[in-house]
Each structure stands twice: as C-alpha cells, then as structure tokens.
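*Asks:* Would you be able to build a 3D model of this:
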Amino acid sequence: MENIVDWKKYVLVFIITCLIFGGAIWLSDFFGNKKIDTLNKIQDQISIDILSSETQFALLEELSCADINKSILSQELNDLATKIEYSEKNIGTDNSEIVSLKRYYSLLEIKDYLLMKKISQRCGQKSIFVLYFYTTKDNCSECVRQGFILTALREKYPGLRVYSFDYSLDLSAVKALISIYNIEDTKLPALVINRELFTGYHSVEDIEKAFPQLKTLNVVEPTAEKTKDTKD
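*Replies:* Numbering: from 1, shown residues only. You can find the predicted model right below:
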C-alpha cells in the first residue's frame, strides 16, 4: 500500500515539475517574442527616420538662410542615435542589422556635417563642429567619459554640432575622415574641433579654454543638478 502511495506522489511531483518547466518555457518564448516585436518596430521606425532625414537634406539645400532651422536634422540624428543605442543593448553590437544601421547613421552624420558647413559659410552663421572618434570601452577607458562631456557641452551650447563615429566601423567614409585627420587607434578618444585635432580625454574646461568662441554661441545655463553630475 505504501509503495502505491509513494508511486502516486512521484507521478504527481513529475506532473507538477513538467507544468512548471513548460510554463517557464512558454513565458520565456512569450516575452522573447514580445521583445523581438518591439525591436522590429524600432528598426522599422529607424528606416523611416533615415528616409525622412535624407529627404530633408535635399530640401534644406534649397531653403534660404532665413528659413533654415538648425535643430531639425540634429534632433532627428539624436533620435536615431537613441534608437540604435537601445537596439544595441537589446540585440547586441555584433548583429548585422545593427551594424548596417550604424553605418547608415554615420553616413547621415557626415552628410549633415558637410551640409551645415556649407550653410554656415553661405549664411554667415557662427558654428563650431566637433568630430568625435571613439571605440569600445574595453579598448578605450576614457571614451565613455568623453561622450558625457560632449553631451554636457552640446546642452550648454545649442549651436555646437557634435558628430560621433565608431573608429572600428567598417565604412569607407568614416575611414576617409580618420585618414584626413590622422586619427590613431592608440590615441582615442579623439576630437577634431574646427579641423584641429585633440587626442585623449578633455574636460569641459579644457575645450572651453581652447575654443573661447564657444561663448559666442547660444548658451543655456545648466541646472545645479546637471552641474553636479558633470563635475562627478
């Protein structure tokens, strides 16, 4: 009798274990599919944004100086960067689709850089252009910190235009910039500010001292909390 009871217990435990295991697999597949659907939607939106940005490049070249809003393309490029960063964290940096999007995004940055230089010259606008070259944090311990510094500067000086490029990205246009400004992978992060090369980490104060003309751009005073974060 006891053997029959023990056998029934084992069967019951086995069934419960199978249900728990099966439920865990179902939940994993469910949430995995949900995440994939979300990322697919983000990638579709990125493709639309890219097409929209390319169309705006053509339109901006036809506008008069009085009609040009310098923030249009900058905001779209920032949105694209945010979406790509999200996709990298959730899919991985080695994913072929993400790499393709980064290549496309870098091309848009270069096109924006060339276009805004042309507009600044034609319209007599005061602009400062920063080309920022970085690589993975494993190979460049200061690259992340330098990125935060550039974000703080861009928030303080809305007229500052910052373009970020992954040094290791296999893209001929990026490699051309690296060759033109003699960027070395052992001296990253690297900044090209108005065609002048700076290697290694540079603080907000370093950059403001090297380019006092930054103060001629529109300035937004940082809040106490932002100032504290930047100093940290």
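*Asks:* Pull up the gap between residue 184 and residue 135, please.
*Replies:* Going from residue 184 to residue 135 by CB to CB, to the nearest Å gives 11 Å. Where C-beta positions appear, they are placed from N, C-alpha and C, glycine not excepted.
*Asks:* My error: substitute residue 202 in the last question.
*Replies:* 17 Å.
*Asks:* Between the two, tell me which one has more neighbours.
*Replies:* residue 202 (20 against 17; other CB atoms under 10 Å).
*Asks:* Helix or strand: which one has residue 145?
*Replies:* Using DSSP states H and E, residue 145 maps to helix 143-156.
*Asks:* Now do that helix, average pLDDT.
*Replies:* Helix 143-156 shows an average pLDDT of 89 in the prediction.
*Asks:* and the next element down the chain from it?
*Replies:* Counting by DSSP H and E, the next helix or strand C-terminal to helix 143-156 is strand 160-166.
*Asks:* can you pull the buried residues of whichever helix or strand comes after that next one?
*Replies:* Later in the chain than strand 160-166, the nearest helix or strand by DSSP H and E is helix 172-180. Buried residues in helix 172-180, counted by 16 or more other CB atoms under 10 Å: 174, 177-178.
*Asks:* now these in CSV, with pLDDT and distance to residue 105?
*Replies:* As requested, the buried residues of helix 172-180 are exported to CSV (pLDDT from 0 to 100; distance: CB to CB, whole Å):
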residue, pLDDT, distance to residue 105
174, 94, 11
177, 94, 14
178, 95, 17
